[in-house]
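**Student:** 3D model of this:
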Amino acid sequence: MAAKESTKSTKSSEDGAAPQAGFYGLADHPNHGIISSILKRKNRKFKMADDVRKMCKQVEAYKTSADRLHQALMTMLVEFPEYARDLVFVVKTDPNYRYAALYLRTFESILNKGRDRTTYESLEPVMKTLQSLDLEHERRVRKQLDNLKPLMKFIGEDYWEYARLRKGEILDSRRQNREGFAVYWEAMESYDDALTQQHKERTDLAEQATANAQTWRNDCRQKLMDFIKTCIFDRQGKHAECVLKFRDEAVFYHRSMSELIPFTEKPEKGESKSAERGKTPK
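**Tutor:** I've put the predicted structure just below:
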């Protein structure tokens, strides 16, 4: 038997903001036990069924944790806060290697135009190494973003579709309300309207309208719960797997970056690194 949902209208000055489609953040006011109607009468509030409210709270808590985790991972990829924040929209890596290579090129040019006739060793190998490091860094960042696609899909798509199914007010050209598509909030409001009208008229027609509205509300509720289970809860394993894949790739990233740096001094054959560290300066 479906859980009973309260349709008693109440007045409150605290209305939840309409969900805004985006990436990070939650869709609306954190009071998930009450849904505020902004469609017709802003002073009405509807209490969701206990099972739906419990699932919604779990989704919101999971979204908050996923946001924090993803932001931390982006900061690991790119140190600049502005670049890390926008990394989900545009790949823009730290310019340190590029700036260093440009600086050395300018420095070498000025050095060669000096008044003395000193011949300086070319800095071209260093500049090429810096450019290689910059390209490798960008390549690895793109690969890590690809590894995190399951988590990013939840944060940027699945969660906002859940919010649309629940509240139906996401203002985004990609997620406009589609005719005939179940929206839980609108269904509760429709049922409340029908019930109010039935209390006023008490006719067979009003009673049938209330029954139809109740059926639609229950269908919307079930579709919302099915979406939460199949598209969010059942995919949490994939979200965890992609984060573990990110961790493994981070090891290869540091290894590949170190291999691009040429070492001019190598220990002689037969001389161990421990013995080399044990030498004392004369």
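**Student:** Show the low-confidence segments of the stretch 51-200 of the chain, by residue range.
**Tutor:** 114-117, 168-182, 185 (pLDDT under 70).
**Student:** What ranges does it have for its helices?
**Tutor:** Ranges of helices within the stretch 51-200 of the chain are 81-85, 96-112, 124-147, 149-153, 159-167, 184-201, based on DSSP state H, counting those that start in this stretch.
**Student:** For A250, find the nearest of these.
**Tutor:** helix 124-147 (7.6 Å; CB to CB). (C-beta placed from N, C-alpha, C; glycine too.)
**Student:** who touches the closest one?
**Tutor:** 73, 77-78, 87-88, 91, 93-94, 97-98, 100-101, 104-105, 108, 152, 242, 245-246, 249-250, 253, 256-257, 260-262 (CB atoms under 8 Å, 6 or more residues apart in numbering).
**Student:** could you dump it to PDB, C-alpha only?
**Tutor:** Written as PDB, here are the backbone C-alpha positions of helix 124-147 (Å, rounded to 0.1, in the frame of the first residue of the first chain):
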ATOM      1  CA  GLU A 124      66.900  24.500 -26.000                       C
ATOM      2  CA  PRO A 125      67.000  21.100 -24.300                       C
ATOM      3  CA  VAL A 126      65.500  22.600 -21.200                       C
ATOM      4  CA  MET A 127      62.800  24.400 -23.100                       C
ATOM      5  CA  LYS A 128      61.900  21.200 -25.000                       C
ATOM      6  CA  THR A 129      61.600  19.300 -21.800                       C
ATOM      7  CA  LEU A 130      59.300  21.900 -20.300                       C
ATOM      8  CA  GLN A 131      57.100  21.800 -23.400                       C
ATOM      9  CA  SER A 132      57.000  18.000 -23.300                       C
ATOM     10  CA  LEU A 133      56.000  18.200 -19.600                       C
ATOM     11  CA  ASP A 134      53.200  20.700 -20.500                       C
ATOM     12  CA  LEU A 135      51.800  18.400 -23.300                       C
ATOM     13  CA  GLU A 136      52.000  15.300 -21.100                       C
ATOM     14  CA  HIS A 137      50.300  17.100 -18.200                       C
ATOM     15  CA  GLU A 138      47.400  18.200 -20.500                       C
ATOM     16  CA  ARG A 139      47.100  14.700 -21.900                       C
ATOM     17  CA  ARG A 140      46.900  13.100 -18.500                       C
ATOM     18  CA  VAL A 141      44.300  15.700 -17.300                       C
ATOM     19  CA  ARG A 142      42.100  14.800 -20.300                       C
ATOM     20  CA  LYS A 143      42.500  11.100 -19.600                       C
ATOM     21  CA  GLN A 144      41.600  11.600 -15.900                       C
ATOM     22  CA  LEU A 145      38.500  13.600 -16.900                       C
ATOM     23  CA  ASP A 146      37.500  10.700 -19.100                       C
ATOM     24  CA  ASN A 147      38.000   8.300 -16.200                       C
END
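**Student:** Compute the inter-axis angle for it and helix 96-112.
**Tutor:** 170 degrees (axes from the mean of the first three to the mean of the last three CA atoms, to 10 degrees).
**Student:** before we move on, back to that, looking at the helices of the stretch 51-200 of the chain, which is closest to T230?
**Tutor:** Closest among these, once you apply CB to CB, is helix 159-167, at 11.1 Å.
**Student:** Return the set of buried residues in that closest one.
**Tutor:** 159-160, 162-167 (16 or more other CB atoms under 10 Å).
**Student:** The nearest residue to M152 once chain neighbours are set aside: what's it in contact with?
**Tutor:** Leaving out its chain neighbours, the residue that sits closest to M152 by CB to CB, 6 or more residues apart in numbering is V88, at 6.4 Å. Counting by CB under 8 Å, 6+ apart, V88 touches 23, 70, 74, 145, 152, 156.
**Student:** Please apply the same query to N212.
**Tutor:** A194.
**Student:** Would you confirm that it belongs to a helix?
**Tutor:** Yes - secondary structure assignment (DSSP: H, G, I helix; E, B strand; the rest coil) places N212 inside a helix.
**Student:** can you map out the strands along this protein?
**Tutor:** Secondary structure of the chain (DSSP state E): strands at 34-36, 45-47.
**Student:** sorry, back to before: let me know the closest of the buried residues of helix 159-167 to T64.
**Tutor:** Closest to T64, out of all of those and judged by CB to CB, is Y159, at 10.4 Å.
**Student:** so how far is D94 from the closest one?
**Tutor:** 29 Å (CB to CB, to the nearest Å).
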